[in-house]
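Q: Sequence and predicted structure below; questions after.
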Amino acid sequence: MIQTLFATIFSLLFTHGSFAFSAECTSLREAPTESHEISNFIQDVALALRSGDKEMNWNFQPLIEAFGSHKVFMFGEAHGSNEFGIVSARLLESLVKSQRINVIALEAPMDYAKEMQHYVDTGEGDPAKFYMEFRIGEIPQNSFWVILPRMARQLTLQGFRLRIHPTDNPFRTEPALKEIKSLAAQMTPAHSAFLLGILPPPTTATSATPEDGKKADDFYNQVHAQKAQLCADLIQTQCDRLLAQTSAIWVSTKSMLVRGLDAEWVRRREELTYANVRALMTKPEDRLYMHVGAFHTNKLPRTIRGLKTISGMLENDFPLTRGQVFTLAPAFGAGSVSATNWSTFPPKDFTWKSGMPTPIVKALSETPSHPLFISAVQPSSECQTNPLKTMIDKITAKEFATEEKPLGEMYDGFIHFGRLTSDRRPGDTKL
């Protein structure tokens, strides 16, 4: 009770503007339409997530209340900056301690799932070195690949039981092949022999050749052509894993062979991630925290070229989480810096010429003193409809590879991080 009272007082003391989620509106006023009115609205609903100077108090109560009874919390970032991992780790800590989260998923290679869970359970290993097979040098300490497993380990030491799983396409195909072989052992001799006979040889994302790509194509097509017969020998969860690991082999093998935004590769990658998340969310009480790129937290039923994102599928297709997905995207100022080319070394810095989304950085400046949460759907404390629900920002749509749809249809809210700094230089951040 004392902790709850403290959290309530704390949240009221350190909000940037009005405490938006305390409003209970029986009716809503129209959204502002004039530029200065929209800026005033955003200033009114923006809530500070930290007070004081460096290493001072974080307050995620506004986000915890916005998350409410949802089952999935999607944290979206633009890869390669210090600020995303730092804020995400602190937010995860608050969500776990408030009993809102028990499962963690990351946009990281799924073939390192055992290593990551073992680290969280025992402290053995180092998440900064898990991926050195395909990336020369350690992963930056503020990358979510590193900082979130480390936070999960700290929480485990405090008595919280957490499952953590990377859900993106694998770097190595060998673990997927191994699981498929174990599934083949559950089949009739004829089906088992067929499946084992078409398996492609093991490869990695960075060493796959065009010939490997052709073999992955053939394997994928033959499995799906014989899906009904193969799955007749398996229970549904086993069939799901067979199809997921088949996709894992294809997506991993083709990841360096496709060029540009290849729609089929993106589609199969998102479906693979979706299958991995469904395998994690097995009980009604499971609640997931997922850190991914902001393209993946867009929860429209369909995005550019008719593609579905993992967030869109969880929000619209998966019965356990339908209508229960809370999504965030980043806001940041012009001059922000991100490190690019994760799979190569050394990475290069990229400087953003424009801040985004435009209405948020215009209202709150390019560099607010602390990270701010801005709801894209909640009304103001005076019961005025949120203008972000229907506003289209072309810069955000372009950079996050989505259709030009209203911000409030894609995301529940934004965190304005200020001016981002490259995660190649951890000392540059002001957080």
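A: Received the coordinates, thanks.
Q: Buried by neighbour count: which residues of stretch 223-230 qualify?
A: Neighbour-count burial for stretch 223-230 flags 223, 230 (criterion: 16 or more other Cβ atoms under 10 Å). Just so you know, the C-beta spots here come from the backbone N, C-alpha and C atoms, and that holds for glycine as well.
Q: CA atoms of that stretch as PDB?
A: In PDB, the C-alpha atoms belonging to stretch 223-230 read as follows (Å, rounded to 0.1, in the frame of the first residue of the first chain):
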ATOM      1  CA  VAL A 223       7.300 -28.800 -47.000                       C
ATOM      2  CA  HIS A 224       4.400 -26.500 -47.700                       C
ATOM      3  CA  ALA A 225       3.200 -28.600 -50.600                       C
ATOM      4  CA  GLN A 226       3.200 -31.700 -48.300                       C
ATOM      5  CA  LYS A 227       2.100 -29.800 -45.100                       C
ATOM      6  CA  ALA A 228      -1.200 -31.600 -44.600                       C
ATOM      7  CA  GLN A 229       0.400 -35.100 -44.900                       C
ATOM      8  CA  LEU A 230       3.400 -34.200 -42.600                       C
END
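Q: For Glu399, report the pLDDT, please.
A: pLDDT, Glu399: 80.
Q: ok, it - how many residues close by?
A: Per other Cβ atoms under 10 Å, the neighbour tally for Glu399 reads 16.
Q: Quick check: nearest residue in space to it, chain neighbours excluded?
A: The shortest distance from Glu399 to any non-neighbouring residue, by Cβ to Cβ, 6 or more residues apart in numbering, is to Met356 (6.4 Å).
Q: Show the contacting residues for the one you found.
A: Applying Cβ atoms under 8 Å, 6 or more residues apart in numbering to Met356 gives the contacts 331-332, 393, 395-396, 399.
Q: if we go to 10 Å?
A: By Cβ atoms under 10 Å, 6 or more residues apart in numbering, the contact set of Met356 is 78, 294, 329-334, 336, 393-400, 414, 416.
Q: Thr385 now?
A: 25, 28-32, 41, 377-379, 408.
Q: Between the residues you listed, which sits nearest Phe60?
A: Gln378 (15.9 Å; Cβ to Cβ).
Q: Secondary structure class of that closest one, three-state.
A: Under DSSP: H, G, I helix; E, B strand; the rest coil, the three-state class of Gln378 is coil.
Q: ok, and the most crowded of the contacts of Thr385?
A: The most neighbours of any of these, using other Cβ under 10 Å, belong to Phe41, which has 24 neighbours.
Q: can you tell me how far the residue nearest to Glu399 sits from Phe417?
A: The gap separating Met356 from Phe417 is 11 Å, by Cβ to Cβ, to the nearest Å.
Q: Quick one: mean pLDDT over stretch 325-339.
A: Average pLDDT, stretch 325-339: 96.
Q: Could you do stretch 49-69 as well?
A: Stretch 49-69 shows a mean pLDDT of 85.
Q: Kindly report the same for stretch 414-430.
A: Across stretch 414-430, pLDDT averages out at 95.
Q: Tell me the buried residues in it?
A: Residues of stretch 414-430 classed as buried: 414-424, 429 (neighbour count, 16+ other Cβ under 10 Å).
Q: check contacts around Ala339.
A: Taking Cβ under 10 Å, 6+ apart, we find Ala339 in contact with 79-82, 140, 143, 346-350, 421-425.
Q: wait, I meant Asn221
A: Contacts of Asn221 by Cβ under 10 Å, 6+ apart are 198, 246, 250.
Q: Can you list which of those are found in helices?
A: Using DSSP state H, 246, 250 are the members of these that sit in helices.
Q: From the contacts of Asn221, keep the buried residues only.
A: Buried members of these, counted by 16+ other Cβ under 10 Å: 246, 250.
Q: give me the low-pLDDT residue ranges for this structure?
A: 1-23, 53-56, 134-137, 260-261, 304-305, 341-346, 401-402 (pLDDT under 70).
Q: can you give me the strands in it?
A: 47-48, 50-51, 57-58, 72-77, 103-109, 163-168, 288-293, 325-331, 337-340, 348-351, 372-375, 413-416 (DSSP state E).
Q: thinking again about what came up before, give me the subset of the contacts of Met356 lying in helices.
A: 394-399.
Q: Buried subset of those, written for PyMOL?
A: The buried residues among the ones in helices among the contacts of Met356 can be selected in PyMOL (16+ other Cβ under 10 Å) with this line:
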select buried, resi 396+397+399
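Q: Switch the ones in helices among the contacts of Met356 over to JSON lines; also include distance to Ala113.
A: Putting the ones in helices among the contacts of Met356 into JSON lines (distance: Cβ to Cβ, whole Å) gives the following:
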{"residue": "Lys394", "distance to Ala113": "38"}
{"residue": "Ile395", "distance to Ala113": "36"}
{"residue": "Thr396", "distance to Ala113": "32"}
{"residue": "Ala397", "distance to Ala113": "33"}
{"residue": "Lys398", "distance to Ala113": "33"}
{"residue": "Glu399", "distance to Ala113": "30"}
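Q: Thank you kindly, that will do.
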